[in-house]
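> Structure for this input, please:
(2 chains)
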Amino acid sequence: MAKIIKAPRGTQDILGSEVYQWQFLEKLLRETAALYGFKEMRTPTFEEMALFKRSVGDTTDVVQKEMYQVQAEKGQDLYGLKPEGTAGAVRAAIENGLLKEALPLKICYITPCFRHERPQAGRLREFHQFGVEMFGSQSPSADVEVISIAKHIFDLLGLENITLSINSIGCPTCRAEYHKALKAYFEQYRDQLCGTCLERLEKNPMRILDCKSPVCSEIAKGAPVVLDYLCDECKEHFEGVKTRLKALEIDFEIDPNIVRGLDYYTKTVFEFISNDLGAQSTVCGGGRYDGLVSQMGGDQTPALGFGMGLERLLLVLKEQGIEIPAPEPCELYIGSMGEAANIKACSLAHKLRTEGFFVECDTMNRSVKAQMKYANKISARFSMILGDAELESGKATLKDMAGGEPREVSFETEQLAQVLYDANLAKMTDELAEQMGDTALADLMGFKG
RNA sequence: GUGGAUAUAGCGUAGCUGGUUAACGCGCCAGAUUGUGGCUCUGGAGAGCGAGAGUUCGAAUCUCUCUAUCCACCCCA
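Residues are numbered from 1 along each chain as shown, chains lettered A, B, ... in the order given. Have a look, this model is predicted:
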């Protein structure tokens, strides 16, 4: 036996037993975004490294130590597998002239992302992000529109205990002031800070606020707060965001310690956090990046967006016991005995499938008993066995696997199709009744009649 | 990159202080009167115990190395 090759570390096979959850989620995501006018965009899985260096940031951990780099041919520029979705989206928007059209431009995407990190609960090397990006508006109403999409999605899924934290990290001018103040503050504790924080002190003092080490976080408590250093414009913008969030009745808390690790963020930054997730508790994170488009070579265009981790979302759903409806099982299993009957069964199945029914027939050459067992295992709604007798009479016994009365049917396609159709109708009515309650359904029927 | 835990059939587990053909549940296959599932019963296939080395008369059980997985740091969705 040849050695079995395993999936790369930190990657996952999404199998039949769970793909339907992904499909359900992806559909809900796209449809919800569409309600807000966000159109899906698909961009390449890999881009030039330079793109990520310029957008995400040359000094960020993500670019510096977590990227998968690929070299197609010797001497060519390096490519990188996308570690997040914004960079590619911004590039595509500029390259295709989308920002010259009527603004705002609203786009969304579902994409795999790659980061070479140590895998952990809620953290994979290949993971999937749903993201939205909105270009052209500097109004706080854009911030709130984007935030409300995420909130809307959580509500639709029935998730609880997802808290929204927001902060403003200001524009480049007020942030410069803040950096100065922060640096001055932390300088006093130079000898107590951890090694990484000492580096941060030079490169990006804001990151010290995020440090989990007990000493640093204790020191950070007394540090100056960004919000006190915002310029008038940024302050006003932040106020605008807050009042609008309140108007939409979206609960939030202000967390001055939210510092996104991607360089492009400005002004509003936010996170949706779930405590059902373990250490990686952010389900959705995003913010404004007013400088990014011009930095990437486009016209100065304010913009913002968020990324949402799909596997984390699925984890929270699971943790909260929220079940995604499983797909409908097979409607009819057509068993057969003997060559002639098998051929008939196959052609019958084929015809019914072209009519849109989910039908299965025997392809394993098994005994009738085994075929019935199989029909039961796949939760087929009806089953029917074809043999010489049936071929001769043109009739077969249609068995209701759930225990209803078996009945004799001609296996002409139309008749079978009619039976399956009726069964579906009956089932839908039942489900509707269950959903609405008997009285409501009675009312509806009464109203119709 | 750092730390801790774990690693036994397809899946989930048992295997006490080392001792004959590694056990159980689920799943899979086949039977319980001939062409019909679900419940029950019976039988069967399937791992040589993550990989490699060592200690020992003898190791899934002890030691070492490696690898992988999980969790945490870090980072972030």
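
> Just the closest residue of chain A to RNA strand B, please.
Of all residues in chain A, A:Gly261 sits closest to RNA strand B, at 1.1 Å by C-beta to the nearest atom of the strand. (Glycine included, C-beta is placed from N, CA and C.)

> how about the nearest residue to that residue, chain neighbours excluded?
Once flanking residues are discounted, A:Gly261 sits nearest to A:Thr60: 5.9 Å by C-beta to C-beta, 6 or more residues apart in numbering.

> For that neighbour, which residues are in contact?
For A:Thr60, the contact set (C-beta atoms under 8 Å, 6 or more residues apart in numbering) comprises A:261-263.

> And the residue nearest the centre of chain A?
Nearest to the mean C-alpha position of chain A, by C-alpha atoms, centre = their mean, lies A:Leu310 at 3.6 Å.

> Chain neighbours aside, what residue packs nearest to that residue?
In space, A:Leu310 is closest to A:His128, 4.1 Å off (C-beta to C-beta, 6+ apart).

> Tell me if I'm right that the one you found and A:Pro112 touch.
Yes. Contact criterion C-beta atoms under 8 Å: A:His128 and A:Pro112 qualify, at 5.5 Å.

> So between these two, which is more surrounded?
Neighbours per residue (other C-beta atoms under 10 Å) separate A:His128 from A:Pro112, with A:His128 holding more: 22 against 15.

> doesn't that one fall inside a helix?
No. Read with DSSP: H, G, I helix; E, B strand; the rest coil, A:His128 is strand and lies in no helix.

> Show me what the residue lying closest to A:Glu40 once chain neighbours are set aside is bridged to.
Distance criterion C-beta to C-beta, 6+ apart; nearest residue to A:Glu40, sequence neighbours excluded, is A:Cys108 at 5.6 Å. Beta-bridge partners recorded for A:Cys108 (DSSP bridges): A:Glu40, A:Val132.

> pretty sure A:Cys108 is in contact with A:Gly131, am I right?
Yes. Between A:Cys108 and A:Gly131 there is a contact under C-beta under 8 Å: 6.5 Å.

> ok, and what's touching stretch A:217-224?
In contact with stretch A:217-224 (C-beta under 8 Å, 6+ apart) are residues A:178, A:181-182, A:185-186, A:189, A:192-193, A:208-209, A:211, A:257.

> how about a cut-off of 10 Å?
Contact partners of stretch A:217-224, identified using C-beta atoms under 10 Å, 6 or more residues apart in numbering, comprise A:177-178, A:180-182, A:184-186, A:188-189, A:192-193, A:197, A:205-206, A:208-211, A:213, A:256-257.

> One more: stretch A:12-32?
A:7, A:38-40, A:108-110, A:119, A:124-128, A:130-132, A:149-150, A:152-153, A:155-157, A:308, A:310-311, A:313-314, A:317-318, A:323-327.

> hey, where'd the helices end up in the stretch 101-250 of chain A?
Per DSSP state H, counting those that start in this stretch, the stretch 101-250 of chain A carries helices over the ranges A:140-157, A:172-187, A:195-203, A:214-221, A:232-247.

> May I see the buried residues of the second one?
Of the residues in helix A:172-187, A:174-175, A:177-179, A:181-182, A:185-186 count as buried by neighbour count, 16 or more other C-beta atoms under 10 Å.

> Now pLDDT and distance to RNA strand B too, for these, in TSV please.
What follows is those, written out as TSV (pLDDT from 0 to 100; distance: C-beta to the nearest atom of the strand, whole Å):
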residue	pLDDT	distance to RNA strand B
A:Cys174	87	21
A:Arg175	84	16
A:Glu177	86	22
A:Tyr178	87	18
A:His179	84	17
A:Ala181	87	20
A:Leu182	84	15
A:Tyr185	87	18
A:Phe186	84	14
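
> about what we covered before: so which of the helices of the stretch 101-250 of chain A comes closest to A:Lys377?
helix A:140-157 (30.4 Å; C-beta to C-beta).

> For the closest one, buried residues please.
For helix A:140-157, the neighbour count (16+ other C-beta under 10 Å) marks A:140, A:142-151, A:153-154, A:157 as buried.
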